[in-house]
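1. just coords:
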């Protein structure tokens, strides 16, 4: 073989590798609520800034019913939970907007607070081969990508009736070979780990709390903290955030101070979930309460261990949207549409600006140098990421939205109460 032929072949192999690498970088999946790392961060680029119900819309797929769950994306498949009359369903949709299959996971849907929520509030998760879905009814089910049911169980039947004012809205965390679930309500405060392949209980921990009245209820989702030295499960509810060992659920540390005893609010239930980067855990409370920034290496009760507290914001917590951390900045999207940007290391407020008047239920998402903030009325504000506030666009879908955006393969997927949209940049 001549030197030139060998060089051509090597060059071709290198070009193919670089092409595959480029495709891998661009075509990022969104396999969980809040994305690949469960932090609301996407590495996608060339996304649209402006759109409407018709402009920059690749397709629109009408849905069988309303829900607050976020779509997830794995390569050419989109998975979504929904309601259809009284049924609780899981949908598999192709990335060109066609329903591939629909499965009934349960029945007996319930709506709460008018149009505020139903049993399809939790979002599904996928590992690229299987998809798991949980509903407020307690139904927890696993399907393969062809729609075959692998296993199914009901957590109310196994662990007791859910007793809370609204619906159980926590989204299970899929991590390696396990599903982690928190069930926090008036009659129980449980942290659970299940084998993702079978639904078998691996461990169960009773989580102690001195919370009272509605504060016993939590609608938040757990979060996996992981850095080079440690890993644990963060659980949020009942006036505390707690860290649990992944192997057996043992509590490593807990922190209160989110609902101060001296000014106790008996209706301060948690909905927003914690989020973290290496070395920093940001913990919201609710209803304009405090926000804590904690170090991850605590032991025992660190409520008053100031060496474990990086900073504290006395007031300003979002009520429902979870915090976002990007590029050493923390973004807090309040229920009224205000966006607060803080220095992640000091807690200094860099700006506090208004976006859109009205309820905000979805969690903010970062992608392509922008923060996407979604109002319940269906208006998505696009704000330039960084320490200075700059509104880039306001996009009105004219349909109610509670679900957070999902970003994958150059598209923004928006789930309204009426349809699923694929938004793309038609100019690219």
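-> That came through fine. Nothing here was measured: the structure is a model prediction, and the numbers come from that model.
2. ok, for residue 287, nearest residue in space, not its chain neighbours?
-> With Cβ to Cβ, 6 or more residues apart in numbering as the criterion, residue 287 has its nearest non-adjacent residue at 5.4 Å, and that residue is residue 319. For glycine as for every other residue, the C-beta is placed from the backbone atoms N, C-alpha and C.
3. Check the burial of that neighbour by counting its neighbours.
-> By the criterion of other Cβ atoms under 10 Å, residue 319 has 22 neighbours.
4. do the same with residue 228
-> Residues lying near residue 228 (other Cβ under 10 Å) number 6.
5. ok now do it, which residues does it touch?
-> For residue 228, the contacting residues are residue 278, by Cβ atoms under 8 Å, 6 or more residues apart in numbering.
6. how about the helices in the stretch 51-200 of the chain?
-> Ranges of helices within the stretch 51-200 of the chain are 155-159, based on DSSP state H, counting those that start in this stretch.
7. Report the beta-bridge partners for residue 291.
-> Going by DSSP bridges, residue 291 is paired in beta bridges with residue 313.
8. what about it, distance to residue 333?
-> In this view, residue 291 and residue 333 are 12 Å apart by Cβ to Cβ, to the nearest Å.
9. Tell me which of those two has more neighbours.
-> Set residue 291 next to residue 333 and count neighbours by other Cβ under 10 Å: residue 333 wins out with 30 against 24.
10. Does the more buried one touch residue 359 like I think?
-> No: between residue 333 and residue 359 no contact is recorded; they are 11.3 Å apart, counting by Cβ atoms under 8 Å.
11. Isn't residue 183 up against residue 159?
-> Yes: look at residue 183 against residue 159 with Cβ under 8 Å: they come within range, at 6.1 Å.
12. shared neighbours of these two, which are they?
-> 190, 192.
13. Give me the more crowded residue out of the two.
-> residue 183 (24 against 17).
14. excluding its backbone neighbours, what's nearest that one?
-> Using Cβ to Cβ, 6+ apart and skipping residues adjacent in sequence, the residue nearest residue 183 is residue 190, 4.5 Å away.
15. Correct me if wrong: the one you found contacts residue 208.
-> No: counting by Cβ under 8 Å, residue 208 is not a contact partner of residue 190; they are 11.2 Å apart.
16. more neighbours, those two?
-> Higher neighbour count among residue 190 and residue 208: residue 190, with 19 against 12, using other Cβ under 10 Å.
17. list the contacts for the more buried one?
-> Residue 190 touches 159, 182, 183, 184, 204, 205, 206, 207, counting by Cβ under 8 Å, 6+ apart.
18. Most neighbours out of these, which is it?
-> Top of the contacts of residue 190 by neighbour number is residue 182, holding 28 neighbours under the definition other Cβ under 10 Å.
19. Identify the bridge partners of that one.
-> Beta-bridge partners for residue 182, by DSSP bridges, are residue 191.
20. So it sits against residue 218, correct?
-> Yes: counting by Cβ under 8 Å, residue 182 touches residue 218, with 6.8 Å between them.
21. Which neighbours do these two have in common?
-> 170, 236, 237.
22. Tell me the one among those nearest to residue 315.
-> The shortest gap between residue 315 and any of these belongs to residue 236, at 18.6 Å (Cβ to Cβ).
23. Show the backbone phi and psi for the closest residue to the closest one other than its chain neighbours.
-> Spatially, and ignoring its direct neighbours in sequence, residue 236 is nearest to residue 220 (4.1 Å; Cβ to Cβ, 6+ apart). Main-chain dihedrals, residue 220, degrees, to the nearest 10: phi -80, psi 170.
24. Which pLDDT does the model give residue 220?
-> If you check residue 220, the pLDDT there is 98.
25. Count the residues that sit near it.
-> Residue 220 has 25 neighbours, counted by other Cβ under 10 Å.
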